[in-house]
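**Student:** got a predicted model here, sequence first, then my questions.
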Amino acid sequence: MGAGLRSRGIQECISRRSPPRRRRSYGYSLQHDPVGHRVTRGWSYGEAVTDPRTGEIIKGQVTWAVCAPPDYKIAEALLAPYLDGKPIPPEMEQMVLARTRQLAAHEVGHTLGLMHNFAASSIGFGASVMDYPHPWITLDASASPHSTKLPSGNRAWDKAVIRYGYSEFAPEADEAKSLDALLRKNEADGLRYITDEDARPIGGAHPYAHLWDNGPDAPAELERILAVRKAALARFGANTIRPGEPMVQLEETLVPLYLLHRYQTEAAAKLIGGLDYRYAIRGTARQPLPCSLRTSSAGR
């Protein structure tokens, strides 16, 4: 989001600073976007307080839950890293740090007014930090999992929505027409936007709105992630837990690996009989998916 804001001419838009040592509970400085940490499992939140008269965001607040343990557990199950005499692969720490960066950007995005875009993965890898990305796992030459990271990309959707929300137009410009032109450009560029109400329900029909999936081709990514899962399960064993830990810990480590394909399966299933639509104005219509796309998904 910082790059998007800077492209709008808004400099020094996002930075990290320690809060003042003393701060009254009133007269809140609009420059502060506080981040609170908690060590229990649960959701992280990014919220914006708006002026009800104008809609202007006057304060942001982030509550940040610890995300490292679950991600580290996934990396342990995939990489089986605890081999005698060998160092722990750096990919494990890198995966956790990447998730932390993504989560921070995601919650700050909420404080700037950005909503979830669960269709961003259909645009391309890393199209938005406002999606929920699944770890990107690859196989090495010996068909063993060797890389766990998060998708990175050009953040095309984030830049577009910041452009719409924070652009400043010349006094003589027609703001309504300028904003409409931005929306039309987004449509022409294929920047889909589908949020929670149409993505989270188990009966949701939109074929491109998914949580914790990767890539614009859901069936192809499902086949790929099933191959990764098969390879990781084939070598799953004692090397997935630290020396000295109870063997029963294997059960907890196995679960995220065994269900590795869960969300991608849901994404592929929505292509069967799905309904492709947009949030639009009067004059547009919802259209069923082409028969060829439904058949292709069912065949896979």
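**Tutor:** Nice, I can see it.
**Student:** how near is residue 278 to residue 209?
**Tutor:** Using CB to CB, to the nearest Å, residue 278 is found at 11 Å from residue 209. (C-beta placed from N, C-alpha, C; glycine too.)
**Student:** between these two, which one's more packed in?
**Tutor:** More crowded of residue 278 and residue 209, by other CB atoms under 10 Å: residue 209, with 31 against 14.
**Student:** give me the element the more buried one is part of.
**Tutor:** Under DSSP states H and E, no helix or strand contains residue 209.
**Student:** do the same with residue 74
**Tutor:** Using DSSP H and E, residue 74 falls in helix 68-79.
**Student:** buried sites along that helix?
**Tutor:** Neighbour-count burial for helix 68-79 flags 71, 73-79 (criterion: 16 or more other CB atoms under 10 Å).
**Student:** of those, closest to residue 131?
**Tutor:** Minimum distance to residue 131 across these is 16.4 Å, recorded for residue 71 (CB to CB).
**Student:** show me what contacts that closest one?
**Tutor:** 95-96, 99, 135 (CB atoms under 8 Å, 6 or more residues apart in numbering).
**Student:** try 7 Å this time
**Tutor:** Residues in contact with residue 71, defined by CB atoms under 7 Å, 6 or more residues apart in numbering, are 95-96, 99.
**Student:** of those residues - the most surrounded one?
**Tutor:** The contacts of residue 71, ranked by neighbours (other CB under 10 Å): first place residue 95, 25 neighbours.
**Student:** part of a helix, is residue 253?
**Tutor:** Yes. Assigned with DSSP: H, G, I helix; E, B strand; the rest coil, residue 253 falls within a helix.
**Student:** can you get me a residue count around it?
**Tutor:** 19.
**Student:** do the same with residue 126
**Tutor:** Residue 126: 22 neighbours (other CB under 10 Å).
**Student:** for my notes, confirm it occurs in a helix.
**Tutor:** No. Under three-state DSSP, residue 126 sits outside any helix and is assigned coil.
**Student:** grab the nearest non-local neighbour of it.
**Tutor:** Spatially, and ignoring its direct neighbours in sequence, residue 126 is nearest to residue 153 (2.4 Å; CB to CB, 6 or more residues apart in numbering).
**Student:** what helix or strand does the one you found sit in?
**Tutor:** Using DSSP H and E, no helix or strand contains residue 153.
**Student:** distance of it relative to residue 120?
**Tutor:** For residue 153 relative to residue 120 (CB to CB), the value is 9 Å.
**Student:** close enough to count as contact, residue 47 and residue 110?
**Tutor:** Yes. Between residue 47 and residue 110 there is a contact at 6.4 Å, judged by CB atoms under 7 Å.
**Student:** mind listing the helices for this structure?
**Tutor:** Here the chain has its helices, by DSSP state H, at 2-7, 68-79, 90-111, 120-123, 156-166, 175-188, 196-199, 218-234, 249-258, 262-269, 291-299.
**Student:** quick one: low-confidence residue ranges for the stretch 101-250 of the chain.
**Tutor:** 147-148, 151 (pLDDT under 70).
**Student:** ok, back up a step: so for residue 47 and residue 110, which sits in the more crowded spot?
**Tutor:** residue 110 (19 against 13).
**Student:** bridging residues for the closest residue to that one other than its chain neighbours?
**Tutor:** Excluding the flanking residues, the one nearest residue 110 by CB to CB, 6+ apart is residue 46, at 3.0 Å. On the basis of DSSP bridges, residue 46 takes part in beta bridges with residue 62.
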